[in-house]
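Chemist: starting from these lines, generate the structure:
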Amino acid sequence: MRKIAIAGLFALILAGCGNPADSNITANPLPQAARVPAATQPLATAPDPAAADRPAPAQPDDTTIQQPPEPAPQPKPALPEVPAGEKKDDGLWFALPFERGQGSLRLARQNDLLRVDVHVRLPYYAGDAARDRGTVLDLILSVDGANGRRLLFYPSPAWQPGPEPLMFRSEATYNKTAGMARLTEQPSFGARADVKYWDEWKATLYVDLRLVVVPGSTPASVADSWRAALIAGNQAARLAFPQGLNDMNPGLTPERMVTFKFSDLPRLADADESPRESAIEDEKEQQDAMRALTAVTQKRDFGGLQKKTREYIKTWPDALWLRFLDYLVARVGYENDLPGVDSDFAGPMKAYLEACPGQSQVHLDYLAALVAQGKTAQADEHFAALLQSPLVRGNRTTEVMINVRHGATLAGNGELDAADAIVARFKDNETIAADKDLKTLYDGLVRAVASARAQWQDELAWRADDAKKTNPRLTVETTKGTFVIELFEDDAPNTTASMVELAKAGFYNGLSFHRFVPNFVIQGGCPKGDGTGDGGYRLQSEVSRRNHFRGMVGMACSGPRTNTEGSQFYVCLSNNQSVKNLSGKYVIVGRVIEGMDVVDKLRAGDKMTKVTASNLRDHEYKAKKIQ
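Modeler: Numbering: from 1, shown residues only. Sure, this is the predicted structure:
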């Protein structure tokens with residue numbers, strides 16, 4: 001089993017979903033570092049090697065070349081009037097003019113508190129891919145406009161175990177000369193949020209104005225007339241309201257704030273308990289839960305971490321940070337074969353998407369998980385729904401990005417016809433032509449499909465040739481079922497002889513599979529059960545022309561082409577790039593021709609109960625051994 005450090009446990013996921021790249025098949029495998037998939041790596045421009053030999057361009061002489069006149073300054077467009085709002089029975093309402101979408105702000109009284117409801121209708125990330133994992137509400141309150149408070153609330157945090165729990169909210173003061181200064185305590189408001197939908201999210205702040213101490217208002221003399229402004233959104237869709245507000249320092253634009261009298265606001269029915277106090281108490285309880293989860297993580301009890309996370313989900317079913325953590329634990333467990341962890345991370349990932357479906361990166365991760373597990377029908381269904389969702393519909397950039405990156409997943413897992421269809425659909429696409437990053441992604445997809453297509457055609461030709469031959473077979477009975485390996489005697493005759501000889505001697509009977517890497521390989525055949533043993537000898541490396549594909553059987557060794565193959569073998573579990581990277585380096589001795597569904601169920605610790613050889617050619621199978 002691969003071991004992982006606590007510090008890197010959840011970084012493995014936050015970097016993005018991917019498969020272990022350039023993984024080695026060794027007799028004694030070493031831990032692999034977490035990697036960011038190529039699709040999420042920053043794009044770099046290759047240096048121009050000829051640039052150093054070119055002379056610097058000539059500089060114009062300002063004394064002889066007449067410069068064009070400076071353009072006349074353009075008048076700034078007139079700002080709209082600061083809205084007064086629409087007073088209704090249930091509050092004072094304001095429209096929030098997002099560039100794409102719409103939102104509303106409501107001010108009301110409840111339990112002697114200022115209740116502020118923000119409702120935004122637009123894709124959670126505005127269709128602009130996965131810029132960040134949360135959003136922020138910044139409510140600005142002031143009496144004179146030049147000095148005031150900023151109440152910051154983070155409705156959709158994602159969290160992983162660490163030294164500190166989530167900070168759901170914070171407060172700061174501002175003034176027109178000194179800007180913003182954070183407060184160490186946040187006593188004036190509590191808040192709740194609901195961000196469960198494709199095209200909207202909601203948040204409610206409960207503010208005790210007695211505790212908003214600003215010039216003109218104190219606990220002993222609370223102001224009735226207030227100014228307010230709002231900054232809402234994230235990197236993908238952000239709004240400063242009213243228009244013209246200086247969002248860095250509102251004190252510089254006090255005239256661009258709405259005004260209201262607290263005593264004039266419509267009053268809502270009081271709750272049995274103070275909503276501010278209950279929201280703050282709930283927040284503290286969730287932070288205590290985070291501390292408890294961190295303590296379990298520090299003990300490396302990942303099964304306990306998953307169990308406790310799922311218990312907390314029952315208490316806070318709408319807490320996205322718990323949904324996200326459940327997905328992280330399951331995925332890390334899957335990728336590292338952690339004991340005691342239910343590693344079906346596709347289920348928690350789907351639950352997280354259902355709780356907050358506007359996250360394109362998680363959709364791509366989910367699609368990659370389905371494709372890698374061979375669940376192509378489910379992947380097709382989810383992909384079709386995603387393209388019709390508010391996250392993608394109407395946004396060409398996001399549509400192209402989603403298609404091309406999913407196409408790369410399909411190509412990397414051998415679904416070449418589906419990947420080809422995406423290549424054809426976006427050929428000569430104007431959006432791609434205008435965006436260098438998208439063009440880089442698309443060109444990479446085209447190359448990947450062409451290369452994979454050529455390799456697969458070669459493999460089909462070899463399989464047609466195999467069908468004409470008498471090739472030995474190994475029937476491998478395991479604790480999960482039986483599978484059959486066809487050995488490529490003509491490609492690796494000495495390795496084939498060794499495996500037949502070991503099988504006939506009963507060597508493999510009772511041995512375990514000691515290594516499982518999801519979407520990569522399952523490995524077994526070590527008599528010590530830890531990847532360090534062999535059959536008492538080594539073999540000369542017989543690396544053939546064939547490429548690695550799902551179901552191919554190869555030989556573990558201390559390093560490529562080192563003549564250190566022995567008894568250990570592996571079965572490839574996918575057609576992804578990590579598997580293909582093994583080609584030309586490791587001995588391919590055969591492929592699974594029956595029972596691949598059984599191979600997919602195997603995990604570290606499962607055993608081979610009996611291995612038998614059949615369909616042998618008419619000669620003795622005796623390997624040439626290196627002692």
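
Chemist: quick one, helices of the stretch 51-200 of the chain?
Modeler: Under the criterion DSSP state H, counting those that start in this stretch, helices are not mapped anywhere in the stretch 51-200 of the chain.

Chemist: in it, where is pLDDT below threshold?
Modeler: The model of the stretch 51-200 of the chain has pLDDT under 70 over residues 51-76, 99-101, 121-135, 156-157, 195-200.

Chemist: what of the stretch 201-350 of the chain?
Modeler: Within the stretch 201-350 of the chain, the ranges that satisfy pLDDT under 70 run 233-237.

Chemist: which parts of it are helices?
Modeler: Counting by DSSP H, counting those that start in this stretch, the stretch 201-350 of the chain has these helices, from start to end: 275-298, 302-315, 320-336, 346-355.

Chemist: helices or strands next to the helix or strand that comes right after the shortest one in the packing?
Modeler: What that stands for is helix 346-355. Using DSSP states H and E, the helix or strand that directly follows helix 346-355 along the chain is helix 360-372. Secondary structure elements in contact with helix 360-372, counted by 3 or more Cβ pairs under 8 Å, 6 or more residues apart in numbering; DSSP states H and E, are helix 346-355, helix 376-387, helix 396-412. Where C-beta positions appear, they are placed from N, C-alpha and C, glycine not excepted.

Chemist: mind checking the pLDDT average for helix 360-372?
Modeler: Over the span of helix 360-372, the pLDDT mean works out to 84.

Chemist: and for stretch 402-422?
Modeler: Within the predicted structure, the mean pLDDT of stretch 402-422 is 91.

Chemist: what about it, start to end distance?
Modeler: 11 Å (Cα to Cα, to the nearest Å).

Chemist: what lies in contact with that stretch?
Modeler: Applying Cβ atoms under 8 Å, 6 or more residues apart in numbering, the external contacts of stretch 402-422 come out as 19, 39, 360, 363-364, 367-368, 371-372, 376, 380, 383, 386-387, 392, 423, 425-426, 432, 438, 441-442, 444-445, 448-449, 452-453, 456, 549-550, 574-577.

Chemist: can you give me the strands for the stretch 51-200 of the chain?
Modeler: 86-88, 91-96, 102-110, 113-121, 136-142, 147-153, 169-175, 179-182, 189-194, 200-207 (DSSP state E, counting those that start in this stretch).

Chemist: okay, buried residues for the second one please.
Modeler: Buried residues in strand 91-96, counted by 16 or more other Cβ atoms under 10 Å: G91, L92, W93, F94, L96.

Chemist: before we move on, the earlier item: and the helices of the stretch 201-350 of the chain, which is most packed in?
Modeler: Relative to the other members of the helices of the stretch 201-350 of the chain, helix 320-336 carries the highest mean neighbour count by mean count of other Cβ atoms under 10 Å, namely a mean of 24.

Chemist: skipping adjacent residues, who's closest to E335 in space?
Modeler: Nearest non-adjacent residue to E335, counting by Cβ to Cβ, 6 or more residues apart in numbering: P518, 5.5 Å away.

Chemist: from what I see, that neighbour and V332 are in contact.
Modeler: No - counting by Cβ atoms under 8 Å, P518 stays clear of V332, with 10.8 Å between them.

Chemist: quick check: which element contains R453?
Modeler: helix 436-466.

Chemist: helix or strand right after that helix?
Modeler: Helices and strands here follow DSSP H and E; after helix 436-466, the next one along the chain is strand 473-478.

Chemist: can you give me the buried ones in the helix or strand just after that next one?
Modeler: Sequence-wise, the next helix or strand beyond strand 473-478 is strand 481-487, with elements assigned using DSSP H and E. Within strand 481-487, the residues that count as buried by 16+ other Cβ under 10 Å are F483, V484, I485, E486, L487.

Chemist: ok, these vs G190, which is closest?
Modeler: F483 (58.1 Å; Cβ to Cβ).

Chemist: wait, the closest one sits on D600?
Modeler: No - F483 sits out of contact with D600 when judged by Cβ under 8 Å, with a separation of 9.8 Å.

Chemist: next up, the contacts around the residue nearest to R150 when sequence neighbours are not counted.
Modeler: The spatial neighbour of R150 that comes closest, neighbours along the chain excluded (Cβ to Cβ, 6+ apart), is A172 at 4.6 Å. A172 is in contact with R149, R150, L152, M180, A181, R182, L183, counting by Cβ under 8 Å, 6+ apart.

Chemist: how near is the second one to V500?
Modeler: So that's R150. Relative to V500, R150 is positioned 75 Å away (Cβ to Cβ, to the nearest Å).

Chemist: give me the neighbour count for K427.
Modeler: Look at K427: counted by other Cβ atoms under 10 Å, it has 10 neighbours.

Chemist: now the residue nearest to R150, which residues is it bridged with?
Modeler: Partner residues in beta bridges with A172, using DSSP bridges, are R150, R182.

Chemist: ok, it to K284 distance?
Modeler: Counting by Cβ to Cβ, the gap between A172 and K284 amounts to 21 Å.

Chemist: got it, and D435?
Modeler: Between D435 and K284 the computed distance is 45 Å (Cβ to Cβ).

Chemist: again with A379
Modeler: The span separating A379 from K284 equals 41 Å under the rule Cβ to Cβ.

Chemist: same question for R109.
Modeler: 25 Å.

Chemist: likewise for A604?
Modeler: Computed with Cβ to Cβ, the distance linking A604 and K284 is 41 Å.

Chemist: please apply the same query to F507.
Modeler: Distance from F507 to K284, counting by Cβ to Cβ: 61 Å.

Chemist: so which bits of stretch 454-466 are buried?
Modeler: Counting neighbours by 16+ other Cβ under 10 Å, stretch 454-466 gives Q455, W462, D466 as buried.

Chemist: can I get those in TSV with pLDDT and distance to V611?
Modeler: Formatted as TSV, the entries for the buried residues of stretch 454-466 read as follows, by pLDDT from 0 to 100; distance: Cβ to Cβ, whole Å:
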residue	pLDDT	distance to V611
Q455	87	30
W462	93	24
D466	94	21
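
Chemist: distance to S274 added to the residues you listed, as JSON lines?
Modeler: As requested, the buried residues of stretch 454-466 are arranged in JSON lines below (distance: Cβ to Cβ, whole Å):
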{"residue": "Q455", "distance to S274": "66"}
{"residue": "W462", "distance to S274": "74"}
{"residue": "D466", "distance to S274": "75"}
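
Chemist: ok, back up a step: which one of the helices and strands packed on helix 360-372 lies closest to D326?
Modeler: Evaluated with Cβ to Cβ, these place helix 346-355 nearest to D326, the distance being 4.4 Å.

Chemist: what about that closest one, distance to the chain center?
Modeler: What separates the centre of helix 346-355 from the centre of its chain is 12 Å, taken as Cα atoms, centre = their mean, to the nearest Å.

Chemist: mind listing the helices for the stretch 451-600 of the chain?
Modeler: Under the criterion DSSP H, counting those that start in this stretch, the stretch 451-600 of the chain contains helices at 493-504, 577-580, 596-601.

Chemist: show me what the second one is packed against.
Modeler: Same thing as helix 577-580. Contact partners of helix 577-580 among helices and strands, from 3+ Cβ pairs under 8 Å, 6+ apart: none.

Chemist: tally up the residues packed near the residue nearest to E335, please.
Modeler: Summarising burial for P518: neighbours were counted as other Cβ under 10 Å, giving 22.

Chemist: which residues sit in contact with it?
Modeler: Applying Cβ under 8 Å, 6+ apart, one finds that P518 lies in contact with Y334, E335, D337, S343, A372, L573.

Chemist: same thing but 10 Å
Modeler: Residues counted as contacts of P518 (Cβ atoms under 10 Å, 6 or more residues apart in numbering) are 19-20, 331, 333-337, 343, 345, 369, 372-373, 573-574, 603.

Chemist: all set, thanks.
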